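Participant: Any chance you could fold what I've pasted below:
(one chain, ligands or ions: 1)
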Amino acid sequence: MTVSHLLSIADLGAEGIDEVMGLTDSFVEVSARPIPRVPALRGKTVVWLFYEDSTRTRLSFEQAAKRLSADTMNFNVATSSVRKGESLRDTVLTIEAMGVDAIVVRHASAGVPWQIASWIGASVINAGDGWHEHPTQALLDCYTIRKHLGGVSGRRVAIVGDIRHSRVARSNVLAFAALGAEVTLVAPPTLLPPSLTGWPVTVSHDLDDVLGRCDVVYLLRMQRERMTEALLPTLREYTAGYGLTARRVDLLDEKALVMHPGPMNRGVEISAEVADLPRSLVVDQVRNGVAVRMAVLYLLLGSGVAL
Ligand code: CP
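Facilitator: Numbering: from 1, shown residues only. Modelled structure (predicted):
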């Protein structure tokens, strides 16, 4: 399929997600070579525009672009002219004037990637906009489930935790549902979105009840940086009700998988020992993220270039 931007999982639909999964298989093979590099994006330039902190997403996009032989430019908000009051639009137009083919953007405000796409001709990739979407996280999670369980269709996925503030939850629900998974959201009422109208999910407030009938338990971090009010009595009470502890892992089917987008808060939503179990795929998710982001960059910038 032909796409100019990746702003939402809805830009891809099931067909586009499948195409990214297939391309990712190729880039996993490339990544395993002694010299993991192909010339697919030679002559293209990719810039990161991260107005919010990141470890995994920014570094894996950088790794992905380098493995595709693209040139890269790193924009550091803290040392840029944003500190002198330059607007987002002027910043983006300035970067585009230097000659870029793709901007990978993370911003605290929902919708910013759409605004940028309306201002410039380069491709825009949403690397997380506020509470709204994080499409490449959803793609790497689909790829990880497909790799370990053979596919996403028909799998029962429980997404547990701070769904209200989670862009990962929003993109993952769209992606998992598009591929035919059954999604259950598990959270206290205060950590669910105010309305779930139109969400293709069921809801539970009882984690112990859900654990015995899921193939994947997908944990979310408590996003305290986005909370403007007290939504929980204490973190200890949250962990007592919704943390994945060793006792709760015993309720899972022996083949059920544990996933988390990172960064983890060990001891809150996941215990340290559960995070390090073989069934915990947190590190594999990160590994797959590089190949998935190679696939996304190739889909947007490399069409017509042979691998
Ligand atoms: N999962 C994720 O987006 O991690 P970072 O915030 O480290 O990029």
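
Participant: Quick check: closest non-adjacent residue to the residue in the stretch 201-307 of the chain positioned nearest to the ligand.
Facilitator: For the stretch 201-307 of the chain and the ligand, the shortest gap (CB to the nearest ligand atom) falls at Pro261, measuring 3.8 Å. Glycine gets a C-beta too; all of them are placed from N, C-alpha and C. Excluding its sequence neighbours, the residue lying closest to Pro261 (CB to CB, 6 or more residues apart in numbering) is Val168, at 4.8 Å.

Participant: Show me the shaky parts of the stretch 151-300 of the chain.
Facilitator: 227-229 (pLDDT under 70).

Participant: all helices for it, in order.
Facilitator: Taking DSSP state H, counting those that start in this stretch, the helices of the stretch 151-300 of the chain run over residues 167-178, 207-211, 235-242, 246-249, 272-275, 282-301.

Participant: Near the residue nearest to Pro261, how many other residues are there?
Facilitator: 27 (other CB atoms under 10 Å).

Participant: got the contact list for it?
Facilitator: Taking CB atoms under 8 Å, 6 or more residues apart in numbering, we find Val168 in contact with His134, Gln137, Ala138, Leu220, Pro261.

Participant: farthest-separated two in the residues you listed?
Facilitator: Ala138 and Leu220 (12.9 Å; CB to CB).

Participant: Write out the residues of the protein neighbouring the ligand.
Facilitator: Residues of the chain that fall close to the ligand, judged by CB under 6 Å from any ligand atom: Ser54, Thr55, Arg56, Thr57, Gly128, Gln137, Pro261, Gly262, Pro263.

Participant: could you check the distance from the most centrally placed residue in the chain over to Phe75?
Facilitator: With distances taken as CA atoms, centre = their mean, Gln137 lies nearest the centre of the chain, 1.6 Å away. Distance, Gln137 to Phe75, using CB to CB, to the nearest Å: 21 Å.

Participant: repeat for Ala65
Facilitator: From Ala65 to Phe75 the distance is 14 Å (CB to CB).

Participant: out of the two, which sits in the more crowded spot?
Facilitator: Ala65 (25 against 19).

Participant: Report the mean confidence score over the strand or helix carrying Lys147.
Facilitator: Element membership for Lys147, per DSSP states H and E: helix 135-149. The average pLDDT within helix 135-149 is 98.
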